[in-house]
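1. what's the 3D shape of this:
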Amino acid sequence: MLRRKIVAGNWKMNKTLTEARELVKSLQSLIGSDVQERVVLIPPFPFLGVLSSDLSGSSIHLGAQDCSAHAQGAYTGEVSAGALKSVGCSYVLVGHSERRGYHHEQETLLIEKTKQALLSGLTVILCVGESLEERLNGSQEQVVGKQIMSIWNALNDTERAQLIMAYEPVWAIGTGETASPEQAQSMHAFIRALIKDNYGDALADNLTILYGGSCNAQNAKELFACPDIDGGLIGGASLKADDFTKIVYSL
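-> Numbering: from 1, shown residues only. Next up is the predicted model:
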């Protein structure tokens, strides 16, 4: 199997540029070159160019939190995938629960964003997950399955092979709640089985699936020990150099 092992730090709307550069400097000193290839940093848009320069010479990757569904044009406030690639990004999040929730992003839009990102040479980290209500009523697999299929069906196998999935139970993001290793593994196994049944063994076996949802320095090792969890999409803990480093070395 060729599954990549990745720990991606989503900084969301945090840090000033000075603070961001200090965090990157600390991470470079703490994370050895032997594991830097596993690390993706996903800061706010304004910092990308500067941090790309700061990361020059390291194997730490840079990602963006979102991209436009359009290649270029009169779309004030949007950032194209091509522009992200040009400043050093190699990854981009699509469909994060906060984008789906706060900005009401639907699958049609997410398909276009995914296609634009792939055309620009970015690896897409496609986020899926259920709400607390959906978890409590037992519909989590139906919800996540629909989110996956609506986008994967719009792609060809070459495009699908360039995706990373991130399972983020919405009820465990920023709440301090975390899916148990058993809950997380169960959903990751469901996702892999869904891909296998619909798109074949090769895509399923090679698919990297990250866990996102209050993963921290204390629980990362247990979560990452699960057979279908290939790393994490880390929120709050990625803002602290020591904690994020411990998570990286838990993989």
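2. just checking, residue 237 touches residue 218?
-> No: in this structure residue 237 lies outside contact range of residue 218 using Cβ atoms under 8 Å: 9.3 Å. For glycine as for every other residue, the C-beta is placed from the backbone atoms N, C-alpha and C.
3. The two: which has the busier surroundings?
-> Legend: neighbour count by other Cβ atoms under 10 Å for residue 237 and residue 218, higher for residue 237 (21 against 13).
4. Next, the buried residues of stretch 90-110.
-> By 16 or more other Cβ atoms under 10 Å, the buried positions in stretch 90-110 come out as 91-100, 105, 107, 109-110.
5. buried ones in stretch 34-45?
-> 35-36, 38-45.
6. what sits up against it?
-> For stretch 34-45, contacts defined as Cβ atoms under 8 Å, 6 or more residues apart in numbering pick out 4-15, 20, 24, 27, 31, 51, 55, 58-65, 79, 90-91, 93, 125, 231, 238, 248-249, 251.
7. Please save the CA atoms from it in PDB.
-> Output in PDB follows, covering the C-alpha atoms of stretch 34-45 (Å, rounded to 0.1, in the frame of the first residue of the first chain):
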ATOM      1  CA  ASP A  34      13.300  12.600   9.100                       C
ATOM      2  CA  VAL A  35       9.600  13.300   9.600                       C
ATOM      3  CA  GLN A  36       9.200  16.800   8.000                       C
ATOM      4  CA  GLU A  37       7.900  15.200   4.900                       C
ATOM      5  CA  ARG A  38       4.800  14.200   6.900                       C
ATOM      6  CA  VAL A  39       3.900  17.700   7.900                       C
ATOM      7  CA  VAL A  40       1.500  20.200   6.200                       C
ATOM      8  CA  LEU A  41       1.000  23.700   7.600                       C
ATOM      9  CA  ILE A  42      -2.200  25.400   6.600                       C
ATOM     10  CA  PRO A  43      -2.100  29.100   7.800                       C
ATOM     11  CA  PRO A  44      -4.300  32.000   6.800                       C
ATOM     12  CA  PHE A  45      -4.000  33.300   3.200                       C
END
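8. average pLDDT for that stretch?
-> Stretch 34-45 carries an average pLDDT of 97.
9. Tally up the residues packed near residue 131, please.
-> Neighbourhood size, residue 131 [other Cβ under 10 Å]: 16.
10. cool, and residue 196?
-> Applying the criterion other Cβ under 10 Å, we find 15 residues in the vicinity of residue 196.
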